[in-house]
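1. need a structure here:
(one chain, ligands or ions: 1)
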Amino acid sequence: MIRQILFSAIFGAATLTEAAATPLYLNDDADIEARVEDALNRMTLEEKVGLLHAQSKFSSRGVSRLGIPEVWCTDGPHGIRAEVKWDEWDQAGWTNDSCVAFPALTCLAATWNPDMAMAYGQAIGEEARYRKKTVLLGPGVNMYRSPLCGRNFEYMGEDPYLASVMVVPYVQGVQSNGVAACVKHYALNNQEDWRDAVNVVVDDRTLHEIYLPAFKAAVCDGGAWAIMGGYNLYNNEHCCHNQVLLNDILKHDWGFDGVVISDWAGVHDTREAAHKGIDMEFGTWTDGLKNGKKNAYDDYYMADPYIRFLRTGELSHKELDDKARRVLRLIMRTEMNRKRPYGSFSSPEHYAAARRIGDEGIVLLQNKGNLLPIDRNKASRILVVGENAVKMMTVGGGSSSLKVQREITPLEGIMAACPGCAVDFERGYVGDTGGEYNGVVSGQNLNETRTASQLIADAVAKAKGADYVIFFGGLNKADHQDAEGSDRLGMALPYHQDDVIEALAKANPNFIVVNISGNGVEMPWINKVPAVLQGWYVGSEAGEALADVIFGDVNPSGRLPMTFYATLNQCSAHSVGQFPGVWRDNEKIQDCNYAEGLLTGYRWIDAKKLKPLFPFGHGLSYTTFSYSKPKVNSGSMTADGSVEITVDVTNTGSREGAEVVQLYLADVKSSVPRPVKELKGFRKVHLNPGQTATVTFKVTEDMLRFYDDKAGEWRSEPGKFEAHIGSSSTDIKGKTDFNLL
Ligand code: BGC
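-> As a prediction, this is how the structure comes out:
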């Protein structure tokens, strides 16, 4: 009613009876498209342009005259970023914006469980909604092309199928709150160094088969309402105004009706922006801002310069209307949807979701002699070593940095999980003592005065008397580690951690290494360390989830979503010498030629018959599983038919556990080169001791296709296909085959 009265005041309506005729765009029972058109028809040119660019670091204008609200964005993708000042990156200093940090997306992908992605999306969406955000800047689904990419921890691994299956429920969960997911960074944004200058050269098949499927799934199956253009270039055009990626593929072929949001400062030209697919511009440093002028957002490429071109007729109103229409649609779906829930923040349910996802994502890489889990009754003295046992990992790493209500460190988690144990700590090495990002401080004092050799000697001395030694190391969120804006300098563990690990392995046979990272690392000591866990970045509940697995309260069921290479040269991008790329003569553009083509990750490992450190899909359990021989229900299928592959999986151990049954398909003979095999299905099955589950995969023709770059379409070829059933990409338990007629 208040709105109606205001509306009538603005439009001079004389009586309340007239005011009661609610404008269509305010009536959220009506069809969204009709509401969008109604609103658009009432707007001036300036109001339309006003929708298309930032007014502050994270918000854009609505149309106050018409009661159309602003759009508020937030990072993403692991928790809701602290409020920042209107025009600066520094946190605003609110006292009610401390969030729950969910596990990093690599950990989510490692669950191989779409239910976990739904739980994640719902929970983070509720946090975003509570904080009154319109758009969550996430999830990220750039493919893991090199273990050196600083931002891999924000993505979902190396395989397009796995990332596609996992991204859809995340998007749906977020959007069930009336908050838009903004899938990023579209596309080919697979390295951080010189990210504004890298021009990716990639063939069409590789683009469509490897780098686009997860984005396509997010849009076509997940119904994402927003997508973020990457910083890099493709086809010599920046991804934020890119004819092929945005207009031809995203909006035309995939029918995307949402909003393309620029990455912050990703727009470089007004005319290009008008023509080539971007709808909203955020974060660009204009001259006005460089000169110190505050609130120079009207100088953005898609602000006053756009208005000038529209007035002179150089740019068309048709393009403008299309962009404004998309932003209005976004607003109707979110801010003007009065039926959306209210959200909740830092709730017990969100902590529980974070812990569950962490529990399921942690990967047991190696467990010789069944050293893990630790039996509380036999462990009176535990020595914990390593900076990552005590360092908060939610602060730092770039835009995904968070201000959390709490973060349980691994050391705290171990101590809480084993109250009867004497738990001691030794630093072991000094890595990154920083703990500040945009004014958010961890508050930890990690200063250390001992020398490197003294730190090792002190750790070894204590290790000798301990029942178990647990080392928490890996990477962190500092530059050149797992962080936005810079890539890693190599694949080895930094800060001489290998020396610490070697020394501890000699000192105590009951030695466990927990690698905290979003990337694979070299493990030259792998044969000397009995037990190794991949601990990712688990967020608020890190210590609790890690302790759950270490003490066996949770049976690990995570599987690697990327290959862990033994050496960097096993990674195809590096093997072909194409990372990070080569500067052109003008030194403004760096071409990165994806010469490895389709053969990324395990596809390269298969083709070259390499032995990785740990293969894609690998992960152990505290129980064991046996597989029957896979069967196919028919030797052939027609293009509109299907076959069913079945396999029985039995828990042959003495405790409950979950196995991830993986289906890889191989085209035996093809007119084009195809990977040896590709993941096309997986199922996580929970089994009690002795229990058997029959897992059935339905194979349809679309799963057998490749992208025909000459015809510009997906197609399959008749002939023989093999179905490989495995518990990783190299541990194939059995095969069967069928013909496509
Ligand atoms: C990042 C985006 C992020 C944006 C806003 C950019 O630097 O690449 O992922 O959402 O900043 O913080």
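2. which non-adjacent residue is nearest Leu188?
-> Val200 (4.2 Å; CB to CB, 6 or more residues apart in numbering). Quick note: C-beta positions are derived from backbone N, CA and C, even for glycine.
3. Would you mind confirming that the one you found makes contact with Tyr231?
-> No: between Val200 and Tyr231 there is no contact, the gap being 11.4 Å when judged by CB atoms under 8 Å.
4. The two: which is more packed in?
-> Val200 (25 against 21; other CB atoms under 10 Å).
5. Walk me through which strands the stretch of helix or strand Val514 belongs to pairs with, and which way each runs.
-> In this structure, Val514 is located in strand 511-516 according to DSSP states H and E. The pairing partners recorded for strand 511-516 under DSSP bridges are strand 468-474 (parallel), strand 531-534 (parallel).
6. quick one: which of those strands is nearest Gln243?
-> Closest to Gln243 of these, according to CB to CB: strand 531-534, at 40.4 Å.
7. Output the closest one as CSV - backbone C-alpha positions only.
-> The C-alpha trace of strand 531-534 is given here as CSV (Å, rounded to 0.1, in the frame of the first residue of the first chain):
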residue,chain,number,x,y,z
ALA,A,531,49.5,-42.0,5.0
VAL,A,532,48.7,-38.9,3.0
LEU,A,533,45.4,-36.9,3.0
GLN,A,534,44.4,-34.2,0.6
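8. contacts for the next helix-or-strand element following that strand?
-> Once the chain leaves strand 531-534, the next helix or strand it forms, by DSSP H and E, is helix 542-550. With contacts defined as CB atoms under 8 Å, 6 or more residues apart in numbering, helix 542-550 is touched by 103, 355, 358-359, 362, 364, 372-374, 393, 407-414, 416-418, 470, 512, 514, 533, 535, 538, 553-554, 556.
9. Cys149 touches Asn190, doesn't it?
-> Yes: using CB under 8 Å, Cys149 makes contact with Asn190 at a distance of 5.7 Å.
10. Return every residue with contacts to both of the two.
-> Joint contacts of Cys149 and Asn190 (CB under 8 Å, 6+ apart) are Asn142.
11. Report how many residues lie close to Asp196.
-> As a burial measure, Asp196 scores 16 neighbours (other CB under 10 Å).
12. Give the helix, strand or coil label for Lys680.
-> At Lys680 the chain is in strand, as set by DSSP: H, G, I helix; E, B strand; the rest coil.
13. circling back: give me the buried entries from the contacts of helix 542-550.
-> With burial judged by 16 or more other CB atoms under 10 Å, the buried subset of the contacts of helix 542-550 is 103, 355, 358-359, 362, 364, 372-374, 393, 407-414, 417-418, 470, 512, 514, 533, 535, 538, 554, 556.
14. Return only those of those found close to the ligand.
-> Near the ligand, taking CB under 6 Å from any ligand atom as the test, no member of these is found.
15. any idea what sits nearest Val179, other than its immediate chain neighbours?
-> Val179 sits nearest to Ala128 (CB to CB, 6+ apart), 4.6 Å away.
16. count of neighbours near the one you found?
-> 31.
17. Over to Ser671?
-> 10.
18. next one: Ser176
-> By other CB under 10 Å, the residues close to Ser176 number 16.
19. contacting residues for it?
-> 121-122, 125.
20. Show me the shaky parts of the chain.
-> 1-20, 284-295 (pLDDT under 70).
21. Would you confirm that Tyr664 belongs to a helix?
-> No: read with three-state DSSP, Tyr664 is strand and lies in no helix.
22. residues contacting it?
-> 677-680, 723-726, 729, 732.
23. And for Tyr297?
-> 53-56, 286, 303.
24. now swap in Leu328 and tell me
-> 25, 35-36, 39-40, 51, 68.
25. buried subset of the residues you listed?
-> 25, 35-36, 39-40, 51, 68.
26. Secondary structure for the residues you listed - can I get that in JSON lines?
-> Putting the buried ones among the contacts of Leu328 into JSON lines (three-state DSSP) gives the following:
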{"residue": "Tyr25", "secondary structure": "helix"}
{"residue": "Arg35", "secondary structure": "helix"}
{"residue": "Val36", "secondary structure": "helix"}
{"residue": "Ala39", "secondary structure": "helix"}
{"residue": "Leu40", "secondary structure": "helix"}
{"residue": "Leu51", "secondary structure": "coil"}
{"residue": "Ile68", "secondary structure": "strand"}
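27. which two in these are spaced the farthest apart?
-> Arg35 and Leu51 (14.8 Å).
28. What is the neighbour count of the residue nearest to Arg42 when sequence neighbours are not counted?
-> What sits nearest to Arg42 in space, not counting adjacent residues and going by CB to CB, 6+ apart, is Leu66, at 5.9 Å. A count of neighbours around Leu66, defined by other CB under 10 Å, yields 17.
29. Just the element for the nearest residue to Val141 once chain neighbours are set aside, please.
-> Spatial nearest neighbour of Val141, excluding adjacent residues (CB to CB, 6+ apart): Ala214 at 3.8 Å. Taking DSSP H and E as the definition, Ala214 sits inside helix 213-216.
30. again, but for Tyr170
-> Applying DSSP H and E, one finds Tyr170 within helix 160-175.
31. That helix: what's the following helix or strand?
-> That would be, after helix 160-175 and using DSSP H and E, strand 180-186.
32. Against which helices or strands is that following strand packed?
-> On a contact count with 3 or more CB pairs under 8 Å, 6 or more residues apart in numbering; DSSP states H and E, strand 180-186 meets strand 135-137, helix 160-175, strand 226-229, strand 259-262.
33. Cross-check the buried ones among the contacts of Leu328 against the ligand and keep the overlap.
-> Near the ligand, judged by CB under 6 Å from any ligand atom, there are no entries from the buried ones among the contacts of Leu328.
34. ok so, going back, for Leu489, which of the strands paired with strand 511-516 is the nearest?
-> Per CB to CB, nearest to Leu489 of the strands paired with strand 511-516: strand 468-474, 15.2 Å.
35. circling back to that earlier point, buried subset of the contacts of Ser176?
-> 121-122, 125.
36. tell me the centre residue of the chain?
-> The residue lying closest to the centre of the chain (CA atoms, centre = their mean) is Tyr155, at 2.9 Å.
37. In contact with that residue, which residues?
-> Contacts of Tyr155 by CB under 8 Å, 6+ apart are 105-106, 109, 140-144, 163.
38. Now a PyMOL select for only the buried ones of these.
-> A single PyMOL command is used to select the members of the contacts of Tyr155 judged buried by 16+ other CB under 10 Å:
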select buried, resi 105+106+109+140+141+142+143+144+163
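39. The contacts of Tyr155: which ones sit near the ligand?
-> Counting by CB under 6 Å from any ligand atom, no member of the contacts of Tyr155 is near the ligand.
40. between the contacts of Tyr155, which is closest to the ligand?
-> Of all the contacts of Tyr155, Gly140 has the smallest distance to the ligand: 7.1 Å, by CB to the nearest ligand atom.
41. how about the strands in the stretch 351-500 of the chain?
-> With strands called from DSSP state E, counting those that start in this stretch, the stretch 351-500 of the chain shows them at 363-367, 381-385, 422-426, 436-437, 440-441, 468-474.
42. that's a strand at Val699, yeah?
-> Yes: the assignment for Val699 by three-state DSSP puts it in a strand.
43. Pretty sure it sits against Ala666.
-> No: using CB under 8 Å, Val699 is not in contact with Ala666, being 11.9 Å away.
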